Every structure is written in C-alpha cells, then in structure tokens.
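Asks: take a look and give me a structure for this.
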Amino acid sequence: MVSELWAHALTWVDVDPARHPFEMDADGAEELASLVAPLLPSAEVAREDLWRSLDPVTEFLAGRYGRWACGWNWSVGEGDVDGGVVEVWCCSSDSVTTPDATAPLVVEALQEWRGWLEDLTERFAALAPPNNTPVSSADLWHWERACTRLVTAVADRTQAESGWYGHCMQVLRWFLAYNGIDEGQAQEIVENAVGGRFGSWIAPDVPVIDTVSSRFAGGVGGIG
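Replies: This next block holds a predicted model:
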C-alpha cells in the first residue's frame, strides 16, 4: 500500500469530518458491501499475505470517501495496523472468511472508525481553549486538561494494547491542528511532551499523564 493510505500518516485535514461528509443508511451499507465483496481476498490469501491482501479494499474506500477511510481496519492491538480503535475487525487472517460474510464486516468497521473520528470532533470542540485561541499563556490550564482527557480517552479506546501510543500522539497532533497550530509545530510539541513516556500493553498512570500534559501545555505556551 502506498504511504498516503497508511493510517498512521493521516493528518487532521485528512480526517476532519467537517471536510469529509459521510452518511450511510442501511441501503447504503448494503450497496457498499456489494462493491467491496469482489475486492476481498480469499481466506487462504489473507493468511498468506497479511500486509497486502486488503490493499484493494483500502484503496477503494479511500478513493470513494477520502483518505480518512484508510483507517477502517485500524483495529485494537496487533491487527492489520498496530494500535488502533476498531473492535469489530480483528485482522485479515481472522476476519476474512467468505465475501458475503466479510464485506458487511468491512462496512461496519468503516462506520466504527468514522464514529471515532466524529467522537473526537466533539471532544475537540469541548476541550478547545476559550474563543478557540491557539496560544495564550493565561490559558495553559485548558491545554493541560485537554491533553489529560485525550490521552485517557485514547488509552481507554485502544485498551492500551500494542502500539496504542502511536495513535494517541496522532490524536494530540490532530487536536493542535484543530486549534490552528501548524503541523510541524504540533509534531514537535507532541514528541517533546510524550518523549517515550508511553509504552505498549500498559496504560499510563496519573503521574505520567500529568507530566505529559504539563509538557504539552508548556509546548503550546512556548509558541511565539
């Protein structure tokens, strides 16, 4: 798969629901499943070629709905893509069976991923600093609180399993971008804040989250 369709590389511009409208009723889900079914590998191929067997599905969904859709199989733990939030899909080796059974599962996974993005949008709006001003030393408490709540939410949704912190750092970058902070600055702020403090298979304790959140807020306050 080309890097542009790698879920870890998605930016806020790529996934922002406001930029990429998406609605799907029961008839739409059935239609999409019928289009996905011919693209699915056989169960045997899925097990033999774990990393590439679903590329045609991902490319189709991204082409139809936008790059955000490439996160459809970003499942919890060690699935097709490490450290995600999708629970309905496990991995190609276990979730792929017959086309008729697998295609609706793909659609459900896409909807679950979209639901997470919409949930994040609501969280971002609730956690944004007053008047949506990106930099204010007087409002660093808002940034610290936002980081704490977002880290906690992502750790919970990913079950803090393998590689969960990758998506957690991505969500923090998305939050900064949502508030108008440059992507390069956002990456630097998040990397400096997290700094290897998170690890697989373990949810961060309160002191660790407090440290990360304080550094996160300090990084935002340091933008000048």
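
Asks: give the next helix or strand downstream of the lengthiest helix in the chain.
Replies: Longest helix in the chain, counting residues (DSSP state H): helix 99-127. Per DSSP states H and E, helix 99-127 leads on to helix 140-157 as the next helix or strand towards the C-terminus.

Asks: helices or strands up against that next one?
Replies: Contacting helix 140-157 under the criterion 3 or more CB pairs under 8 Å, 6 or more residues apart in numbering; DSSP states H and E are the following elements: helix 99-127, helix 164-178, helix 206-221. Just so you know, the C-beta spots here come from the backbone N, C-alpha and C atoms, and that holds for glycine as well.

Asks: out of those, which is the most enclosed?
Replies: Of all the helices and strands packed on helix 140-157, helix 164-178 has the most neighbours on average by mean count of other CB atoms under 10 Å, namely a mean of 23.

Asks: related to what we said a few turns ago, okay if I get the helices and strands packed on helix 140-157 as JSON lines plus mean pLDDT and distance to residue 191?
Replies: Output for those, formatted as JSON lines (pLDDT from 0 to 100; distance: least, CB to CB, whole Å):
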{"stretch": "helix 99-127", "mean pLDDT": "97", "distance to residue 191": "20"}
{"stretch": "helix 164-178", "mean pLDDT": "98", "distance to residue 191": "7"}
{"stretch": "helix 206-221", "mean pLDDT": "96", "distance to residue 191": "9"}
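
Asks: list the contacts for residue 14?
Replies: Residues near residue 14 by CB atoms under 8 Å, 6 or more residues apart in numbering: 66-68.

Asks: quick one on the thing from earlier: the longest helix of the chain vs helix 164-178, what angle?
Replies: For helix 99-127 against helix 164-178, the angle by axes from the mean of the first three to the mean of the last three CA atoms, to 10 degrees is 50 degrees.

Asks: relative orientation of helix 99-127 and helix 140-157 in degrees?
Replies: Using the same axes, to 10 degrees: helix 99-127 against helix 140-157 is 160 degrees.

Asks: oh, and call the first residue 657 from now on, that's how I've got it
Replies: Done: numbering now begins at 657, and the last item shifts to helix 755-783.

Asks: and helix 755-783, what does it pack against?
Replies: Going by 3+ CB pairs under 8 Å, 6+ apart, helix 755-783 lies up against helix 682-692, helix 711-721, helix 796-813, helix 820-834.

Asks: rerun that using 6 Å as the cut-off
Replies: With contacts taken as 3 or more CB pairs under 6 Å, 6 or more residues apart in numbering; DSSP states H and E, helix 755-783 sits against helix 682-692.

Asks: not counting the helix or strand just after the helix it packs on itself, show me its contacts.
Replies: The first helix or strand that comes after helix 682-692 along the chain, using DSSP H and E, is helix 699-704. For helix 699-704, contacts defined as CB atoms under 6 Å, 6 or more residues apart in numbering pick out 709, 748-749, 752-753.

Asks: which positions within helix 699-704 qualify as buried?
Replies: 699, 702 (16 or more other CB atoms under 10 Å).

Asks: equivalent analysis for stretch 686-697, please.
Replies: 688-689, 692-693, 695-697.
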